[in-house]
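A.B. asks: heads up, no residue letters with this:
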């Protein structure tokens, strides 16, 4: 991209020289003809200069939109969950399109390892970090380290706490309240007389805390009797199938009156599905997830889950890189971008590709 400006400017000079050569009228030309020729030449020269100027402006604009020479770091808190590999797909696509180098690691749900890996990425010379913290409340040290090193940070998906907003350069996340709200709305509409509810949580994630708050808001605002909806227990599912399976199995033994299980992602919802099956209660308990993952959509199609509030992880990762490059090129971006959620149920499952996450279309 750096070669564009010299080439364009050379073209400007060549065109200008060509235009100027037309000033050499024969000495025998009448004075009036010479004046007309000079006026026409000046007009032509101005037109050529204007066109060349526009070409230079366009070249500068194209150069500013490039990410060539930048190195982007990506740190999710795990890559064993296919949601985060979908985010990675979007990030890789954007890096390929913009000419950025990409560095990433898998902390495997270990916040200490995540912080260490980010230190390594900073030492290797990343220009920007696309960051999904394991622990929203514990992200301060990582963010301060990035700030001190001059690394731009785009925080995606799991949003840091508001106290740390000043240490990030941009936030891109799903509308986490809406994600929970859509599930709560489904429960209120399909259990008009109330329900005993088990929550399979991930309590270290700020986004999941917001999801659960939105879930209860969705119930409260869509029923005349919110007191009929009872939180029987909250278990820590870790966003993981096996952890949720064990936690829900224990909860089902302790409570034989559960009507609904709300899980903070489809991965944990599959653990709940397995626990309900082993307890012999399939069809008796409605299981709701979050993400709109292929595994969740297949479960809805099979009838083992009833609803999932869908996110757009591929688009989120893709947009994160675009915003990081824009910042590095000195452009302004919208600080806090919210991506709209949508509800997938048995009623509309036929509208979706069961094997795809999302698309990069707006």
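C.D. replies: Noted; the coordinates are in hand. Note that the structure is a prediction, hence the values are computed from the model and not measured.
A.B. asks: Please pull out the lowest mean pLDDT helix or strand from this structure.
C.D. replies: Within the chain, no helix or strand scores below helix 4-21, which has a mean of 35 by mean pLDDT, DSSP states H and E.
A.B. asks: just the helices in the stretch 251-362 of the chain please.
C.D. replies: For the stretch 251-362 of the chain, the helices defined by DSSP state H, counting those that start in this stretch occupy 266-278, 294-302, 313-328.
A.B. asks: Can you list the buried residues in the first one?
C.D. replies: The neighbour-count criterion (16 or more other Cβ atoms under 10 Å) identifies 266, 267, 268, 269, 270, 271, 272, 273, 274, 275, 276 as the buried residues of helix 266-278. To be clear about C-beta, it is placed using only N, CA and C from the backbone, and glycine gets the same treatment.
A.B. asks: TSV for those residues, including pLDDT and distance to residue 146?
C.D. replies: Listed next are the buried residues of helix 266-278 as TSV, based on pLDDT from 0 to 100; distance: Cβ to Cβ, whole Å:
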residue	pLDDT	distance to residue 146
266	96	31
267	94	28
268	97	30
269	98	34
270	97	35
271	98	34
272	98	36
273	98	39
274	98	39
275	98	40
276	98	43
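A.B. asks: Tell me the one of those nearest residue 222?
C.D. replies: Nearest to residue 222 among these is residue 269, at 21.2 Å by Cβ to Cβ.
A.B. asks: separation between the most centrally placed residue in the chain and residue 164?
C.D. replies: For the chain, the residue nearest the mean C-alpha position is residue 316 (1.9 Å; Cα atoms, centre = their mean). Shown here: residue 316 relative to residue 164, a distance of 19 Å by Cβ to Cβ, to the nearest Å.
A.B. asks: now do residue 195
C.D. replies: Distance of residue 195 to residue 164, given as Cβ to Cβ: 36 Å.
A.B. asks: in the protein, which ranges drop under the pLDDT threshold?
C.D. replies: Applying pLDDT under 70 to the chain flags the ranges 1-65, 362.
A.B. asks: If we use 90, what do you get?
C.D. replies: Residue ranges of the chain with pLDDT under 90: 1-68, 80-82, 135-137, 204-207, 359-362.
A.B. asks: ranges for the strands of it?
C.D. replies: 71-75, 101-104, 128-131, 152-156, 170-174, 195-201, 229-236, 260-263, 286-291, 307-310, 336-339, 342-345 (DSSP state E).
A.B. asks: Is it possible to get JSON lines of those strands that adds distance to residue 254?
C.D. replies: Listed next are the strands of the chain as JSON lines, based on distance: least, Cβ to Cβ, whole Å:
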{"stretch": "strand 71-75", "distance to residue 254": "37"}
{"stretch": "strand 101-104", "distance to residue 254": "40"}
{"stretch": "strand 128-131", "distance to residue 254": "38"}
{"stretch": "strand 152-156", "distance to residue 254": "37"}
{"stretch": "strand 170-174", "distance to residue 254": "32"}
{"stretch": "strand 195-201", "distance to residue 254": "10"}
{"stretch": "strand 229-236", "distance to residue 254": "7"}
{"stretch": "strand 260-263", "distance to residue 254": "14"}
{"stretch": "strand 286-291", "distance to residue 254": "18"}
{"stretch": "strand 307-310", "distance to residue 254": "25"}
{"stretch": "strand 336-339", "distance to residue 254": "37"}
{"stretch": "strand 342-345", "distance to residue 254": "29"}
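A.B. asks: now the end-to-end length of stretch 95-110.
C.D. replies: This stretch, stretch 95-110, spans 26 Å end to end (Cα to Cα, to the nearest Å).
A.B. asks: Touching it from outside, list them.
C.D. replies: With contacts defined as Cβ atoms under 8 Å, 6 or more residues apart in numbering, stretch 95-110 is touched by 65-80, 88, 91-92, 94, 113-114, 117, 120-121, 124, 126, 134, 238, 240, 321-322, 325.
A.B. asks: just checking, residue 288 touches residue 265?
C.D. replies: No - the criterion here is Cβ atoms under 8 Å, and residue 288 misses it with residue 265 at 10.8 Å.
A.B. asks: which residues does residue 289 contact?
C.D. replies: Residues counted as contacts of residue 289 (Cβ under 8 Å, 6+ apart) are 263, 265, 266, 268, 269, 296, 299, 305, 307, 308, 309.
A.B. asks: got a list of what the closest residue to it other than its chain neighbours touches?
C.D. replies: Closest residue in space to residue 289, ignoring its immediate chain neighbours: residue 269 at 3.3 Å, by Cβ to Cβ, 6 or more residues apart in numbering. For residue 269, the contact set (Cβ under 8 Å, 6+ apart) comprises 200, 244, 261, 263, 287, 288, 289, 290, 296, 299, 305, 308.
A.B. asks: next one: residue 277
C.D. replies: residue 304.
A.B. asks: Distance of the nearest residue to residue 291 once chain neighbours are set aside relative to residue 176?
C.D. replies: Nearest non-adjacent residue to residue 291, counting by Cβ to Cβ, 6+ apart: residue 266, 4.7 Å away. Distance of residue 266 to residue 176, given as Cβ to Cβ: 15 Å.
A.B. asks: again, but for residue 148
C.D. replies: Separation of residue 148 from residue 176 (Cβ to Cβ): 29 Å.
A.B. asks: ok, the closest residue to residue 257 other than its chain neighbours - how many residues close by?
C.D. replies: Once flanking residues are discounted, residue 257 sits nearest to residue 196: 5.1 Å by Cβ to Cβ, 6+ apart. As a burial measure, residue 196 scores 18 neighbours (other Cβ atoms under 10 Å).
A.B. asks: Many thanks, have a good one.
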